[in-house]
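Visitor: I would like the atomic coordinates for the input below:
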Amino acid sequence: MFGFKKQILGLKESLEDRDSQIRDLERQAASLRRVLASMAEGVIILDKDTRIISLNSSAEKIFGISEKEVLGKLFLAVVPNNDISELISKVLNKREFVSQELTLVWPIQRTFQVNASLIPEEDGAINRCLLVIHDISEIRRLEKVRSDFVANVSHEIKTPLTSIKGFVETLLEGALEDKENAKHFLNIIQDHANRLDNLVSDLLSLSFLESKEIVLEKQKVDLGRLASDILSGFRSQLRKKSIEIRNELPSGLSITADRDKLGQVFTNLIDNAVKFNREKGIIRIYSQDLDNKVKLIVEDNGLGIPVKDIPRIFERFYRVDKARSHEMGGTGLGLSIVKHIIELHDGTVGVESTEGIGSKFFFILPRG
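Guide: As a prediction, this is how the structure comes out:
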């Protein structure tokens, strides 16, 4: 009898140990599920027949699928992408780790780093494949932006330098003796030198604005007065093109902002409105109330912007009319500087334009 009780107690302890082990395994499984769910990378587990065993929420978002609907289905039937399917087959057949960068066009066009590896079982058998899909679209976009920026800067600097070098060589070869032509050449050299100076100044401004060290010196700014002060510097340009300018900002309209930086915004927008306006054109500067924000608009009735160019108008070095912009001394950085300054103030910028009719550049800032 005593021996029987001992057996029962032993069995009870064994069951309790097993229950404890089961609970531990369940906790580990739940913890693993939470980790997978929180991962930014897409994770998919497949069996040896390439059927989907499991996937996390990031994988669901990447491919626009639901785990409940795709479990047990062939990967290629769920994600019709031959490149990834070939990676899976290579891993399962050759039993080696594979990593490849792929650009997918479905369900959206993105660039991914896809890593595929084997999941070994305790007995050494290999019958599962692990896919880890990392979205590197933003990294590649930034690399392209940097590459384009370097190429654009190089081009913008090389063009005036080539002209300066050519005219200097011409002068040294004897053109100095021809006073009339020599003066003409020197004027051209001066124009190109000024263009280089403007380019370097704008590059330094943009670099400073993009740095994390910038501190805005905020104060109460009367917008109407600021616009009037900026406009006083454009009198000569306005007179040359007989442009009428209307400062319609109401008296007392003020916000808290960095006055100098905001002045730079007005300067760039008004400068564009003058340069790309027609003879005897009109420029209006006015505002609209938007709850706790204010919208400032600089409107002209000039050349306008083609629809295809509007989405890119605030990009660095982007010009609608490259030849005309160069002729007028533009660096292609003014609107990008505007965008950075306004975003530093927690605001937004935008443009509405119709080719041949005119443009409305605007920025929206908090009142506080």
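Visitor: list the contacts of the residue lying closest to residue 292 once chain neighbours are set aside.
Guide: In this structure, residue 292 finds its nearest non-sequential neighbour in residue 367, 5.5 Å apart by C-beta to C-beta, 6 or more residues apart in numbering. Bear in mind the C-beta positions are built from the backbone N, C-alpha and C, glycine included. Applying C-beta atoms under 8 Å, 6 or more residues apart in numbering, we find residue 367 in contact with 255-256, 292-294.
Visitor: of those, grab the buried ones for PyMOL.
Guide: Those of the contacts of residue 367 that count as buried under 16 or more other C-beta atoms under 10 Å are selected in PyMOL with:
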select buried, resi 255+293+294
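Visitor: quick check, nearest of the contacts of residue 367 to residue 78?
Guide: The closest of the contacts of residue 367 to residue 78 turns out to be residue 293 (C-beta to C-beta; 45.5 Å).
Visitor: hang on, that closest one packs against residue 348?
Guide: No. Residue 293 is not in contact with residue 348 according to C-beta atoms under 8 Å; the separation is 9.3 Å.
Visitor: need the overlap of contacts for those two.
Guide: residue 364.
Visitor: and the contacts of residue 367 as JSON lines, adding distance to residue 315, pLDDT and secondary structure?
Guide: Output for the contacts of residue 367, formatted as JSON lines (distance: C-beta to C-beta, whole Å; pLDDT from 0 to 100; DSSP: H, G, I helix; E, B strand; the rest coil):
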{"residue": "255", "distance to residue 315": "27", "pLDDT": "93", "secondary structure": "strand"}
{"residue": "256", "distance to residue 315": "29", "pLDDT": "93", "secondary structure": "strand"}
{"residue": "292", "distance to residue 315": "30", "pLDDT": "88", "secondary structure": "coil"}
{"residue": "293", "distance to residue 315": "25", "pLDDT": "92", "secondary structure": "strand"}
{"residue": "294", "distance to residue 315": "26", "pLDDT": "95", "secondary structure": "strand"}
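Visitor: dump the contacts of residue 367 into a markdown table; add distance to residue 192 as well.
Guide: Output for the contacts of residue 367, formatted as a markdown table (distance: C-beta to C-beta, whole Å):
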| residue | distance to residue 192 |
| --- | --- |
| 255 | 39 |
| 256 | 41 |
| 292 | 47 |
| 293 | 42 |
| 294 | 40 |
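Visitor: what residues go with each domain of this structure?
Guide: Domains of the chain are assigned by automatic domain parsing as 39-135, 137-213, 215-368.
Visitor: can you tell me which of the ones you listed is most buried?
Guide: domain 215-368 (a mean of 17; mean count of other C-beta atoms under 10 Å).
Visitor: what is the mean pLDDT for stretch 45-55?
Guide: For stretch 45-55, mean pLDDT rounds to 92.
Visitor: contacting residues around that stretch?
Guide: Residues outside stretch 45-55 that contact it (C-beta under 8 Å, 6+ apart) are 42-44, 65, 67, 70-76, 78, 85, 88-89, 92, 119, 126-131.
Visitor: tell me, which of the domains of the chain is the model least confident about?
Guide: domain 137-213 (a mean of 83).
Visitor: okay, how far is it across that one, tip to tip?
Guide: With C-alpha to C-alpha, to the nearest Å applied, domain 137-213 spans 27 Å between its terminal residues.
Visitor: kindly report the same for stretch 91-104.
Guide: So stretch 91-104: terminal residues 20 Å apart, C-alpha to C-alpha.
Visitor: quick one: the helices in the stretch 101-250 of the chain, in order.
Guide: Secondary structure of the stretch 101-250 of the chain (DSSP state H, counting those that start in this stretch): helices located at 137-172, 179-210, 223-231, 235-240.
Visitor: ok, which of those comes nearest residue 260?
Guide: helix 223-231 (9.9 Å).
Visitor: element containing residue 84, please.
Guide: Element membership for residue 84, per DSSP states H and E: helix 82-94.
Visitor: what is that helix packed up against?
Guide: helix 75-78, strand 98-104, strand 110-120, strand 126-135 (3 or more C-beta pairs under 8 Å, 6 or more residues apart in numbering; DSSP states H and E).
Visitor: nearest to residue 286, out of the ones you listed?
Guide: With C-beta to C-beta as the measure, strand 110-120 is the member of these nearest residue 286 (41.5 Å).
Visitor: okay, that closest one in CSV with CA atoms only?
Guide: The C-alpha trace of strand 110-120 is given here as CSV (Å, rounded to 0.1, in the frame of the first residue of the first chain):
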residue,chain,number,x,y,z
ARG,A,110,10.2,48.8,-52.9
THR,A,111,13.8,47.6,-52.6
PHE,A,112,14.4,44.7,-50.1
GLN,A,113,17.4,42.8,-48.7
VAL,A,114,16.2,39.2,-48.6
ASN,A,115,18.0,36.8,-46.4
ALA,A,116,17.1,33.1,-46.6
SER,A,117,18.5,30.4,-44.3
LEU,A,118,17.8,26.9,-43.1
ILE,A,119,16.2,25.9,-39.8
PRO,A,120,17.7,22.7,-38.5
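Visitor: partner strands of it, with direction?
Guide: strand 98-104 (antiparallel), strand 126-135 (antiparallel) (DSSP bridges).
Visitor: in JSON lines, list those strands along with distance to residue 300.
Guide: Compiled in JSON lines, these are given as follows (distance: least, C-beta to C-beta, whole Å):
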{"stretch": "strand 98-104", "distance to residue 300": "41"}
{"stretch": "strand 126-135", "distance to residue 300": "41"}
